[in-house]
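Asks: Show me how the following folds:
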Amino acid sequence: MALVSPSRYCCCLCRSMMSLVGSLCKELAETVSSCRVLVVGAGGIGCELLKNLVLTGFSNIEVIDLDVIDVSNLNRQFLFQKKHVGKSKAQVAKESVLQFCPKANITAYHDSVMNPDYNVEFFRNFMLVMNALDNRAARNHVNRMCLAADIPLIESGTAGYLGQVAVIKKGVTECYECQPKPTQKTFPGCTIRNTPSEPIHCIVWAKYLYNQLFGEEDADQEVSPDTADPEAAWEPAETAARAGASNEDGDIKRVSTKTWAKSTGYDPVKLFNKLFNDDIKYLLTMDKLWKKRKAPVPLDWNEVQKLEESSDLQVESSTAGLKDQQVLDIKSCSQLFARSVETLRAQLCEKGDGAELVWDKDDPPAMDFVTSASNLRMHIFSMNMKSRFDVKSMAGNIIPAIATTNAVIAGLIVLEGLKILSGNIEQCKTIFLNKQPNPRKKLLVPCALDPPNANCYVCASRPEVTVKLNVHQTLVLSLQDKILKEKFGMVAPDVQIEDGKGTILISSEEGETEGNNSKCLSEFGIRHGSRLQADDFLQDYTLLVNVLHCEDLGKDVEFEVVGDTPDKPIEKTTEEPAKSITNGSDDGAQPSTSKAQDQDDVLIVDSDEEPSSSSTDVNMEGPNPKRKLEEGDESVRTKRMRTDPPAAQEEDDDIIALD
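Replies: Below you'll find the predicted structure:
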């Protein structure tokens, strides 16, 4: 295959650009040349999009991306080379584009779009915003900022061979949050901790374990045997004698996993014996669990190290294929576990006391840890072990990225942008790229844009939701983090009770209401029928929350969104079969547990006519409901905007977490 020199390639690109610009009418060409556009994301779609924009004639572009370049990006994100690994995606993308279009005016931000510096006034500087994101939290945020600024947004996403582009315009189309999104598939805690039956259960357990040992501890991510498992129904007094757990290397005490690990100095052998021997023996004392299941088989470090190639306990390593596609044997997994623990322990020590590590599928030691720990647990519970590649795919909800899909979607984004700049937004469509031709032999299927959803809790004229919870058990901190931030996508909410006094329940001012966090809602007079007003001044967004007190919520269910106001008939929105593409993920803190095979149901469109796009995951927007700052009192004006955005988990509830 002949290689093209960089100079010749640049000449070809410039000629292509001149040809394309020449095909635009003069007025549109001038608009394209002078308008300012914002590109959010410089990954797979973002690289293709930046190239398309400059070759179309756009010369005033700003791009923002928080990520740095990883080796795994190089196979499709063509603006990056090996020498760029570890550098800012936004900055390198800018430099690469300027090599073949030096006259372009490109500004790069190595930052999170959820930073309060990028407020509504920032978004109003642009004629177009184009999303090339990989997580739902950021998508929700940009959707709201564009609504508040009244700027057209072009949303996009890819998943393998599938793709989607949609236009969002205030008051004209649905917004991104108008239609319900598929929720992340989760598993009961007792399944993860006691009775895993699928490899994904072991992978989720290993990710929980990583956080318990090296990251932020979460009571909902406990990894020790669950003695409260209702299926176990065992008598500790009668079966304690049968628990052969060692009191030397891993005394099973009801202390936090991290506390115990620190007390051992993160000794890999002691960790191994506690997690894969002592805890398993403890599980075996729960007799009832194993009456109809195959009981787990504990592993002992010393015994595993004695295994020979011919041992029955050992799974033969595959010698074919790439290294990451080989399935390690038990002894190799145990040694990989030990090495990864030592590496992560060193990283934790370097950060100092109180430091925490954040799991990242692209961090080799973190991936080594999850691969080895999950495979050891799979073996214990008699499952077929997985390669590092398979574990990474499931742990990060990765669907293999296809460069051509990104290229097609990026081209469609620009075409929709040209329609908007021409003043023909009514001609815009939601466009799907399918894996196979439909009956009319079409891969690209356009759908008519849907009008705003009158009941949308983001773009309705008066956003309002009803939340069912137990006011005597729900803490103010849970209202802030799990309901307002995680569920409703707020960044820095301020909440006041509509009690005639304007009682401030939550303030985004640091330290102002922290004393309320550990108190229950009922302590502030909140009861059945109470109303709360939640404001996010960064997003220029106000949401009214109606509280329904309920004492019979399901097990492990803290709250339930009813979806309608109390004086209206309660309607449960039925989700369409997952026809959604958003190469992004949930912003919640739960680990990814979705299965990649679900993606095949994402796009089922049989016509190339003008069907409704309301069941899609990239949704249009409607009237801006936000209360403007200037309409508030002076105390509101002086409130400092602050953000604590949730980490953009690469694990996302859309199972589509790519570019």
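
Asks: shaky segments in the protein?
Replies: Judged by pLDDT under 70, the chain has its weakly predicted residues at 1-22, 182-188, 219-220, 227-255, 308-322, 397-400, 555-556, 563-659.

Asks: For residue 528, which non-adjacent residue is spatially closest?
Replies: Computed as C-beta to C-beta, 6 or more residues apart in numbering, the closest residue to residue 528 that is not its neighbour in sequence is residue 549, at 3.8 Å. C-beta here means a position set from N, CA and C on the backbone, and glycine is covered the same way.

Asks: Same check on residue 300?
Replies: Using C-beta to C-beta, 6+ apart, the closest residue to residue 300 is residue 277 (5.3 Å).

Asks: burial of the residue nearest to residue 528, as a residue count?
Replies: 17 (other C-beta atoms under 10 Å).

Asks: Surely residue 33 and residue 61 touch.
Replies: No: between residue 33 and residue 61 there is no contact under C-beta atoms under 8 Å: 11.5 Å.

Asks: the helices in the stretch 351-500 of the chain, which residues?
Replies: 364-380, 388-395, 403-421, 476-478 (DSSP state H, counting those that start in this stretch).

Asks: Tabulate these (TSV), appending distance to residue 358 and mean neighbour count.
Replies: Listed next are the helices of the stretch 351-500 of the chain as TSV, based on distance: least, C-beta to C-beta, whole Å; neighbours: other C-beta atoms under 10 Å:
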stretch	distance to residue 358	mean neighbour count
helix 364-380	9	24
helix 388-395	14	21
helix 403-421	26	21
helix 476-478	21	18
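
Asks: Please identify which of those is closest to residue 490.
Replies: Checking the helices of the stretch 351-500 of the chain against residue 490 by C-beta to C-beta gives helix 476-478 as the closest, at 13.9 Å.

Asks: what residues does the closest one touch?
Replies: Identification of contacts with helix 476-478 by C-beta atoms under 8 Å, 6 or more residues apart in numbering yields 505, 506, 513, 516, 517, 518, 519, 520, 521, 524, 558, 559.

Asks: Could you give the separation of that helix from the chain centroid?
Replies: 22 Å (C-alpha atoms, centre = their mean, to the nearest Å).

Asks: now stretch 276-296
Replies: Using C-alpha atoms, centre = their mean, the offset of stretch 276-296 from its chain centre is 34 Å.

Asks: Equivalent analysis for stretch 401-413, please.
Replies: 21 Å.

Asks: now stretch 324-335
Replies: Mean-position distance between stretch 324-335 and its chain equals 29 Å (C-alpha atoms, centre = their mean).

Asks: higher neighbour count, residue 33 and residue 61?
Replies: Using other C-beta under 10 Å as the criterion, residue 33 and residue 61 rank with residue 61 on top: 23 against 14.

Asks: Columns distance to residue 497 and neighbour count on top of the contacts of helix 476-478, output as a markdown table?
Replies: As requested, the contacts of helix 476-478 are exported to a markdown table (distance: C-beta to C-beta, whole Å; neighbours: other C-beta atoms under 10 Å):
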| residue | distance to residue 497 | neighbour count |
| --- | --- | --- |
| 505 | 6 | 22 |
| 506 | 10 | 23 |
| 513 | 12 | 17 |
| 516 | 11 | 20 |
| 517 | 16 | 14 |
| 518 | 18 | 10 |
| 519 | 13 | 13 |
| 520 | 14 | 16 |
| 521 | 9 | 25 |
| 524 | 6 | 18 |
| 558 | 20 | 16 |
| 559 | 17 | 19 |
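
Asks: which one of these sits closest to residue 415?
Replies: Relative to residue 415, the closest of the contacts of helix 476-478 is residue 559; by C-beta to C-beta it sits at 42.3 Å.

Asks: Surely that closest one touches residue 471?
Replies: No: with contact defined as C-beta under 8 Å, residue 559 does not reach residue 471; the gap is 10.7 Å.

Asks: sorry, back to before: could you dump the contacts of helix 476-478 into a markdown table with distance to residue 48 and secondary structure added?
Replies: Shown next, in a markdown table, are these (distance: C-beta to C-beta, whole Å; DSSP: H, G, I helix; E, B strand; the rest coil):
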| residue | distance to residue 48 | secondary structure |
| --- | --- | --- |
| 505 | 45 | strand |
| 506 | 41 | strand |
| 513 | 45 | coil |
| 516 | 47 | helix |
| 517 | 44 | coil |
| 518 | 48 | coil |
| 519 | 50 | coil |
| 520 | 50 | strand |
| 521 | 48 | helix |
| 524 | 51 | helix |
| 558 | 41 | coil |
| 559 | 40 | strand |
